[in-house]
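# have a look; sequence and predicted model below, questions after that.
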Amino acid sequence: SSDWVNDTGNSNIWRSIDSFADPYSVVAEIFFEENDASVSWGNGKKQYVSDFSNLTTEHDWTWDPNDNKIYVYSLNNPDIAYSSVEVPQRSTIVNLDKHEFIKLDGFGLFYAVTGVAQGEYPFTNHTGFILKNSEIAFLGSKWLGFHNPGYGTSVVYNGLLIEHNVIHDCGRRGVSINHYGDVNISNMVVQYNTFYNGYHTTGVDVGAGSGSFSGSLKNIFVRNNIMYDFEDRPASDGAWSNLNWVQGPHPGPGQVIGYYFYNNIVMYPNAAGVAFEDVDGSAVFNNVFYGHNTHKESNIHHLSYGDQSTNILVKNNIFYTELPVDGNSRGVAIAAGMDHQDYHEMDVDHNIYYRINNNLRIIDRQASQWIVYYLNDIQEDGQGRLQNDTGWEMHGLTGDPLFVDVANHDFHLQPNSPTIDAGVYIPGFHCATKGSHPGENCVEWYGKAPDIGAFEYKPLELPKVNGDIYFVSNSGNDSKDGLSAAT
């Protein structure tokens, strides 16, 4: 909407000239494009009252069912106050309508409920969808709690590839791989994307077995992504959000079998960095999990496992936070216990944990009651309380991983980092031999063993020189031409 009038008797209430269907009929918020090129969410549709007395703050708005107009609170004419006011009128921007072998490259998808939708229900068997080099944002609503709408993509295809995109400000899921069908779907890759500022699942949300559906999801690869919410995001800013969420049967028979999460940067979760529920076969390795939300007072984890997930590997990860307090499962690296998660199903080793003191918790585990493990429960001799109780982290480390520039989130390793060569080789994922492997779909490693963390340290290699080597000085005043060897 770009034309507004002030005729309500209140100098701060502005009516749109254009008529609109209620944006909440498609369950989407309105958005204000600011003059500095940022975008603000509306404050949620207010109940319509004829005197507009409940519109009192910038970005407050309502829809009048009598004249189909949008009313907003603004100190100035919205034509001047904003670059534009966006009033979503559609549910889906791109509807694949079950077509196969589709590629979207270089799109901007904003202001609806769903950026890209599969276009059928229930889901059936399809192959071939690629989304790359696109930005998807400002979808759905963030004010409706746990059941917010808003999906960057909702596509479950064999061979799905989502790469090199920026996906943010989605009311429910950045990438939804939630399977509502009875066929098995496999081999999906989400890589080299940036996800941020979500309101249910910021990054990748995977689910099978919803309702009575029997279709399973097999082999999902989430790698080389940056995923974050904001460290100081207050609880009043919409719903909480897992950065990633993976759910097996709930309660249908469909399963998630094989979920592989590696080489990712995961920052400032306000719930879980990755939450697993009843997943059969998962590997989380060579990631950096950094920080936790500073406002939420309970249940903030880097990794969370529950509902009897099986065949779990957690290795070569950096778990780093500077939270000064850790009560109520706040600031935990690994929480294993929701609905009686069996720790025997978990192979946890070769990770490093950083806390600002030894008395801060790193792991919560549920047995007959919750058991809390602290930083000093990992010992180099393998005799720490965590190691004795669980067999975890027999090669685990504690201490500063020595990032290149932690203040600016550069998580590459300094040459003297204790994480260099301290990881373990993961068969099927790390390259068969150390060194560079261009064009191969494997995780490169150098040195004696893979490093811990998302970025492998690459030592400086001197160029290879054929023939004689001469060491020269840059001082002196001889008259030689410098093009030939001389004594």
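That came through fine.

# what segments of the stretch 251-400 of the chain are helices?
Assigned by DSSP state H, counting those that start in this stretch, the helices in the stretch 251-400 of the chain fall at 385-390.

# quick one: low-confidence residue ranges for it.
Applying pLDDT under 70 to the stretch 251-400 of the chain picks out residues 338-339, 368.

# for the residue lying closest to Ser83 once chain neighbours are set aside, list the residues it contacts.
Once its chain neighbours are removed from consideration, Ser83 has its nearest residue in Glu33; the separation is 4.2 Å (Cβ to Cβ, 6 or more residues apart in numbering). Every residue, glycine included, has its C-beta placed from N, CA and C. Shown in contact with Glu33 (Cβ atoms under 8 Å, 6 or more residues apart in numbering): 39, 82-86.

# need phi/psi at Glu33.
phi -80, psi 110 (degrees, to the nearest 10).

# do Ile80 as well
In this entry, Ile80 is assigned phi and psi values of phi -100, psi -40 (degrees, to the nearest 10).

# relative to Phe32, how far out is it?
For Ile80, the distance to Phe32 (Cβ to Cβ, to the nearest Å) stands at 13 Å.

# looking at those two, which is more packed in?
For Ile80 against Phe32, the residue with the higher neighbour count under other Cβ atoms under 10 Å is Phe32, and the figures read 22 against 11.

# could you check how far that one is from Gly152?
Taking Cβ to Cβ as the measure, Phe32 and Gly152 are separated by 21 Å.

# what do you get for Leu104?
Counting by Cβ to Cβ - Leu104 and Gly152 are separated by 12 Å.

# find the residues that touch each one of the two.
With contacts defined as Cβ under 8 Å, 6+ apart, the residues adjacent to both Leu104 and Gly152 are Val116.

# which one of the two is surrounded by more residues?
The neighbour comparison of Leu104 against Gly152 (other Cβ under 10 Å) goes to Gly152, with 35 against 20.

# show me the contacts for that one.
Taking Cβ under 8 Å, 6+ apart as the definition, contacts of Gly152 comprise 109, 114-116, 136-137, 139, 167, 170, 173-176.

# again with Ile300
With contacts taken as Cβ under 8 Å, 6+ apart, Ile300 has the following neighbours: 269-272, 292-293, 329-332.

# next: Ile93.
For Ile93, the residues meeting the contact criterion (Cβ under 8 Å, 6+ apart) are 109-110, 112, 114-116.

# got a pLDDT number for Gly476?
Here the pLDDT value assigned to Gly476 is 65.

# next helix or strand past the host helix or strand of Tyr111?
In this structure, Tyr111 is located in strand 108-112 according to DSSP states H and E. Beyond strand 108-112 on the C-terminal side, the first helix or strand identified by DSSP H and E is strand 114-117.

# ok, back up a step: adding secondary structure, write the contacts of Glu33 out as TSV.
Supplementary listing: the contacts of Glu33 in TSV, determined by DSSP: H, G, I helix; E, B strand; the rest coil:
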residue	secondary structure
Val39	strand
Tyr82	strand
Ser83	strand
Ser84	strand
Val85	strand
Glu86	strand
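
# which of those count as buried?
Buried subset of the contacts of Glu33 (neighbour count, 16 or more other Cβ atoms under 10 Å): 39, 82-83, 85-86.

# what is the nearest of those to Val94?
The shortest approach to Val94 among these belongs to Glu86, at 17.4 Å (Cβ to Cβ).

# tell me which residues form a beta bridge with the closest one?
In this structure, Glu86 bridges to Phe31 when assessed by DSSP bridges.

# follow-up on the earlier one: which pair in the buried ones among the contacts of Glu33 spans the largest distance?
Taking every pair in the buried ones among the contacts of Glu33 and measuring Cβ to Cβ, the maximum separation is 10.7 Å, between Val39 and Val85.

# please enumerate the shared neighbours of the two.
By Cβ under 8 Å, 6+ apart, the residues touching both Val39 and Val85 are 31-33.

# whichever strand or helix holds Val72 pairs with which strands, parallel or anti?
Secondary structure assignment for Val72, by DSSP H and E: strand 69-73. Paired with strand 69-73 in the same sheet, following DSSP bridges, are strand 13-16 (antiparallel), strand 61-64 (antiparallel).

# Arg90 - nearest residue in space that isn't next to it in sequence?
Nearest in space to Arg90, with sequence neighbours left out and distances taken as Cβ to Cβ, 6+ apart, is Ala112 at 5.1 Å.

# quick one, what contacts the one you found?
26, 28, 88, 90-93, 139.

# if you rank these by neighbours, which is first?
Across those, the neighbour count under other Cβ under 10 Å reaches its highest value at Leu139, namely 32 neighbours.

# and that residue, how far is that from Ile17?
In terms of Cβ to Cβ, Leu139 sits 26 Å off from Ile17.

# and Ser216, by the same measure?
As for Ser216, its distance to Ile17 is 52 Å (criterion: Cβ to Cβ).

# the residue nearest to Arg90 pairs with what?
Counting by DSSP bridges, the residues bridging with Ala112 are Leu139.

# pLDDT wise, what is it at?
pLDDT, read off for Ala112, is 98.

# run a quick neighbour tally on Asn225.
28.

# redo the contacts of Glu33 as JSON lines? Include pLDDT and distance to Asn376.
Shown next, in JSON lines, are the contacts of Glu33 (pLDDT from 0 to 100; distance: Cβ to Cβ, whole Å):
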{"residue": "Val39", "pLDDT": "98", "distance to Asn376": "46"}
{"residue": "Tyr82", "pLDDT": "97", "distance to Asn376": "54"}
{"residue": "Ser83", "pLDDT": "96", "distance to Asn376": "54"}
{"residue": "Ser84", "pLDDT": "96", "distance to Asn376": "55"}
{"residue": "Val85", "pLDDT": "97", "distance to Asn376": "55"}
{"residue": "Glu86", "pLDDT": "97", "distance to Asn376": "52"}
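
# please name the nearest non-neighbouring residue to Val175.
If the residues on either side of it in the chain are set aside, Val175 comes closest to Val204, at 4.7 Å by Cβ to Cβ, 6+ apart.

# which strands and helices lie in contact with the longest strand seen in the chain?
Across the chain, the strand with the greatest residue count (assigned by DSSP state E) is strand 330-338. Applying 3 or more Cβ pairs under 8 Å, 6 or more residues apart in numbering; DSSP states H and E, one finds that strand 330-338 makes contact with strand 300-306, strand 361-366.

# now the last one: buried residues?
By neighbour count with 16+ other Cβ under 10 Å, strand 361-366 contains the buried residues 361-366.

# dump those to TSV, plus distance to Lys448.
Shown next, in TSV, are the buried residues of strand 361-366 (distance: Cβ to Cβ, whole Å):
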residue	distance to Lys448
Arg361	32
Ile362	26
Ile363	28
Asp364	33
Arg365	32
Gln366	37
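
# what are the boundaries of the helices in the stretch 101-250 of the chain?
Going by DSSP H, counting those that start in this stretch, the stretch 101-250 of the chain shows no helices.

# could you check stretch 192-208 and say which residues are buried?
Along stretch 192-208, these residues count as buried under the neighbour rule (16+ other Cβ under 10 Å): 193-208.

# having no further points to raise, I will conclude here.
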